[in-house]
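# pasting the structure only:
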C-alpha cells in the first residue's frame, strides 16, 4: 500500500480552503499557519522550522506538531497566499491608466487625465511586490536550508460579490468598467510566475480561469461559505476575501497532478 504524502501547508487564513478540503485527501497534513502571519513569527534555520509566536504555536499544536519541525520530514511544502493579491494589482492603478496597447484603452472621460503606466513597469512592480511578500521571504530561508519540493498557491481572487457594494471597492468597479479584469488577472499570473520561478525545485500554481467571474473575481460558487483556518467554522457571511473547500479541492487535484 502506498503511504500518504507528507505535506506541510505554510500560510495565513487562506490555508483554510485547503484544510477544509483535506479530509479525503491521501496526505499526512501538517499546518504551519495563523491569520495575519508575520515574518518574525516563525524562523527557518539549519533545516528546522520554529514557531516564534504563541498563536502560531497554538495552531501548530492543533496540527499535532511540536514548536519545531524539520522541513526535510516533508515530501512537499505548500505555501498558500502571502503574495501580490488582486488588491495590490488594483491599488497600483488607482492613479494610473494601464497602457496595454498602443491604443488609448480608456473610453471614459473620467479617467483620461490619469498618467499612464507601461505594461513592463506594471509587471515589474507586481513582481517586486511578490518578492516582498511573506511566501517569497520564507521560501528564500527554506531554500537555503533544504531542497524539499515547494508548491506556491496564490491568494484567491476576491469574491465577485464585492461588486454588489457600489460605495466600496471602487478600483475593482473601475477595472470592470474599463474591461481590464482579465488583463489584470494575466498580469497577476505572470508576475507570480516570474517571482516564484526563481526558486529551484518549485512550481507556482494559478487560480483556474473557470473558477472566476467577470474575468478576475472568484465566482460565488467558490467563495460562498468559505471556511476559517480550522477548516470547519465559516467566515462571516459578508466575507469577500476567502475561498471555500470547492476551490481547495481544485488545488489539491492540481497539487497531486504536479507531484505524480
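Here it is on my side, so go on. Treat the numbers as computed from the prediction; the structure is a model and nothing was measured.

# secondary structure element holding residue 240?
Using DSSP states H and E, residue 240 is not contained in any helix or strand.

# so it sits against residue 223, correct?
Yes: under the criterion of C-beta atoms under 8 Å, residue 240 is in contact with residue 223, at a separation of 7.2 Å. To be clear about C-beta, it is placed using only N, CA and C from the backbone, and glycine gets the same treatment.

# so for those two, which sits in the more crowded spot?
residue 223 (28 against 22; other C-beta atoms under 10 Å).

# contacting residues around the more buried one?
Neighbouring residues of residue 223 by C-beta atoms under 8 Å, 6 or more residues apart in numbering: 156, 158, 159, 160, 161, 239, 240, 242, 243, 244, 247.

# same thing but 7 Å
Contacts for residue 223 (C-beta atoms under 7 Å, 6 or more residues apart in numbering) come out as 159, 161, 243, 244.

# show me which of those residues is closest to residue 122.
The shortest distance between residue 122 and any of these, using C-beta to C-beta, involves residue 159 and amounts to 24.0 Å.

# measure the closest one to residue 145 for me?
37 Å (C-beta to C-beta, to the nearest Å).

# report the distance from the lowest-mean-pLDDT helix or strand in the chain to the chain centre.
Taking mean pLDDT, DSSP states H and E as the measure, strand 96-99 is the helix or strand of the chain with the lowest mean score, a mean of 77. Taking C-alpha atoms, centre = their mean, to the nearest Å, one finds the center of strand 96-99 at 24 Å from the center of the full chain.

# what's it in contact with?
Strand 96-99 is contacted by residues 106, 111, 114, 115, 116, 117, 118, 119, 122, 180 when judged by C-beta under 7 Å, 6+ apart.

# state the mean pLDDT of whichever helix or strand comes after it.
On the C-terminal side of strand 96-99, the nearest following helix or strand under DSSP H and E is strand 115-118. Strand 115-118 carries an average pLDDT of 82.

# now for the helix or strand just after strand 115-118, which elements pack on it?
Downstream of strand 115-118, the next assigned helix or strand under DSSP H and E is helix 119-132. Counting by 3 or more C-beta pairs under 7 Å, 6 or more residues apart in numbering; DSSP states H and E, the packing neighbours recorded for helix 119-132 are helix 86-91, helix 181-196.

# buried ones in helix 119-132, by neighbour count?
Applying a neighbour-count criterion of 16 or more other C-beta atoms under 10 Å, the buried positions in helix 119-132 are 122, 123, 125, 126, 127, 129, 130, 131.

# swap in stretch 225-235?
Taking 16+ other C-beta under 10 Å as the basis for neighbour counts, the residues of stretch 225-235 that come out buried are 226, 227, 228, 229, 231, 235.

# could I get those as CSV with secondary structure and pLDDT?
As requested, these are arranged in CSV below (DSSP: H, G, I helix; E, B strand; the rest coil; pLDDT from 0 to 100):
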residue, secondary structure, pLDDT
226, coil, 95
227, strand, 89
228, coil, 91
229, coil, 88
231, coil, 73
235, coil, 95
